[in-house]
Structure formats: structure tokens, C-alpha cells
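Visitor: only the shape, not the letters, is given here:
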């Protein structure tokens with residue numbers, strides 16, 4: 001009997017049934033349906049964390065600039081003045097966000113052209129402190 005079964009497995013007539021293929025495809029679809037939203041959420045979270053980190057870098061650079069140049073609250077630096085206080089001279093964007101520096105003593109913020117987490121498109125994103 002075992003001999004006949006092994007002969008059948010090696011014959012050209014042996015194949016997967018349609019039901020078996022449908023079950024495998026549906027399981028793959030189910031796994032993808034569970035994985036894709038989690039992937040998108042983790043990507044948005046990492047982009048938002050990058051923006052928070054960049055905002056902290058800008059705030060630190062503003063404080064260093066104000067101390068070095070004996071500037072007080074209300075003095076407004078620009079990117080060219082802050083570039084020497086930022087590693088690499090610039091910050092790397094996570095998505096398509098733009099940063100507004102603001103004056104010393106006022107928090108910088110970012111605006112993004114896409115929705116990130118709980119922030120809608122165009123909402124100001126402040127770093128949580």
C-alpha cells in the first residue's frame with residue numbers, strides 16, 4: 001500500500017486541490033489584513049517621533065544660539081544662524097513637514113502636508129516636553 005501511495009505522489013496526476021489552494025490564499029489574506037494597519041500605524045508613529053526629535057533639536061539649537069550670542073527671550077534666529085548648532089548643519093525631515101523656528105522662548109513647531117497620528121493635515125505639531 002505504501003508503495004502505491006509513493007507512486008501516486010510522484011506521478012504527474014498528483015496536485016493540490018482547489019479547496020486547499022483557496023484555504024492557503026484566504027489565510028495569507030487574513031494575515032495581511034492584520035499586518036498592514038499595524039505597519040501603517042508604526043510608520044506614522046516613527047515619523048511623528050522623528051518630528052518630535054527634530055523639534056527638540058531646533059529648541060536646543062535656539063537656546064545655544066541665544067547663550068552664545070547673548071540674546072534674550074524674543075530674539076529670532078534663522079536657519080543660517082542655527083545651522084552651526086545642529087549636527088550636520090540641518091535636520092533631516094521625516095515626511096514633507098516644514099519647521100517654523102519662532103523667537104527664543106516660544107516653542108518651534110512643524111506642519112505636515114499629510115495626516116500623522118492624531119494631527120490632521122496642516123495642524124501645528126509641537127514637541128511634548
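Guide: Ah, there it is. Computed from a predicted model, the values in this text were never measured in an experiment.
Visitor: where does residue 72 land in three-state SS?
Guide: coil (DSSP: H, G, I helix; E, B strand; the rest coil).
Visitor: longest single helix anywhere in this structure?
Guide: helix 18-68 (DSSP state H).
Visitor: what does the helix or strand following that helix rub up against?
Guide: Later in the chain than helix 18-68, the nearest helix or strand by DSSP states H and E is helix 79-82. With contacts defined as Cβ atoms under 8 Å, 6 or more residues apart in numbering, helix 79-82 is touched by 58, 61-62, 65, 90, 101. Heads up, the C-betas are built off the backbone N, CA and C, glycines and all.
Visitor: please list only the buried members of those.
Guide: Buried members of the contacts of helix 79-82, counted by 16 or more other Cβ atoms under 10 Å: 58, 61-62, 65, 101.
Visitor: can you put these in CSV and add distance to residue 94?
Guide: Below are those laid out as CSV (distance: Cβ to Cβ, whole Å):
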residue, distance to residue 94
58, 14
61, 18
62, 20
65, 23
101, 18
